[in-house]
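> Sequence first, then the predicted structure:
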Amino acid sequence: MENVEINPKVIQWFQEKRKISEKTLRQTKIYTEQRRLNGDETLKETIVFPSFWQGKVVNYKYRNAEKHFGQSPGGMKVFWNADALADPRLQTDEAPLIITEGEIDCLTFLEIGCPAVSVPNGASFPKDPDKEPEYLTAARGLLEPIKRIILAVDNDKAGKPFAKYLAQRLGEARCFTVSYPEGCKDANDVLQKFGQEEVQRLVFEAKHYPIAGLYGYNDLPD
């Protein structure tokens, strides 16, 4: 990991297309390398997202310009940017943990200084509904003392049931959801179209995850 580097063109792509700074890329140790993905005939510049657990790299995710994706075979499934789980602010009311559906949305919240992680496989569910995903089981000890969790998953057909699944696993009482502006599917859409202040609004105005039978004052009729 010490000798890896990011292609300047990839840094430029992140800055111009995704509004993600070089500082945040280096903070998360993202880098690039030449790789074949999904049957590519030639080597292509590929973005590498390393996943760390207890100070060691346990998995890699890959993405190239053709939106071909890959992952290390047999890699451990952990939250991406899992070091954020140890942020001391999470055990107070100073900051919530933000869980996203992908690495670029996670980077979006890191841009505004929020502790954030991404699930490793998008909005996917275990084949066995009674079996907890590896990334949740591995992080249980770190997740338990966290006061507030914002579920900033995608605003689509897959994201909504996935938010419900996560809330049930993490405890609905401490979970919150975000409301994206019209025309935005995820947090990075918000950053691209409206800037960091609107991303901050997502955090500040996050609402309690709805719990059946529990109502807030504003839910009551006049």
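Nice, I can see it.

> Now do the strands in the chain.
Secondary structure of the chain by DSSP state E: the strands cover 31-35, 44-53, 56-64, 69-71, 97-100, 116-118, 149-152, 175-177, 207-208.

> per-residue confidence averaged over the first one?
Rounded to a whole number, the mean pLDDT of strand 31-35 is 95.

> for that strand, packing partners?
Under the contact definition 3 or more CB pairs under 8 Å, 6 or more residues apart in numbering; DSSP states H and E, strand 31-35 sits against strand 44-53. Every C-beta, even on glycine, is put in place using the N, C-alpha and C of the backbone.

> buried ones in the strand it packs on?
Using 16 or more other CB atoms under 10 Å as the test for burial, strand 44-53 gives Thr46, Ile47, Val48, Phe49, Pro50, Ser51, Phe52, Trp53.

> helices and strands of this protein: which one has the lowest mean pLDDT?
Sorting the helices and strands of the chain by mean pLDDT, DSSP states H and E puts strand 69-71 at the bottom, at a mean of 91.

> For the protein, which residues score under the pLDDT cut-off?
1-3, 212-222 (pLDDT under 70).

> Longest helix in it, please.
Counting by DSSP state H, the longest helix found in the chain is helix 159-170.

> quick one: buried residues of it?
Gly159, Phe162, Ala163, Lys164, Tyr165, Leu166, Ala167, Leu170.

> Which phi and psi values does the closest residue to the second one other than its chain neighbours adopt?
Taking CB to CB, 6 or more residues apart in numbering as the measure, Phe162 lies nearest to Ala123, with 3.8 Å between them; neighbours along the chain are not counted. Listed backbone geometry of Ala123 is phi -80, psi 70, with angles given as degrees, to the nearest 10.

> before we move on, the earlier item: kindly format the C-alpha coordinates of the longest helix of the chain as CSV.
Taking Å, rounded to 0.1, in the frame of the first residue of the first chain, the C-alpha atoms of helix 159-170 are listed here in CSV:
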residue,chain,number,x,y,z
GLY,A,159,-32.8,1.1,-1.5
LYS,A,160,-36.0,1.5,0.4
PRO,A,161,-36.4,-2.2,1.5
PHE,A,162,-32.7,-2.3,2.2
ALA,A,163,-33.0,0.7,4.6
LYS,A,164,-35.8,-1.2,6.4
TYR,A,165,-33.5,-4.3,6.6
LEU,A,166,-30.6,-2.3,8.1
ALA,A,167,-32.9,-0.5,10.5
GLN,A,168,-34.3,-3.8,11.8
ARG,A,169,-30.7,-5.2,12.2
LEU,A,170,-29.3,-2.0,13.8
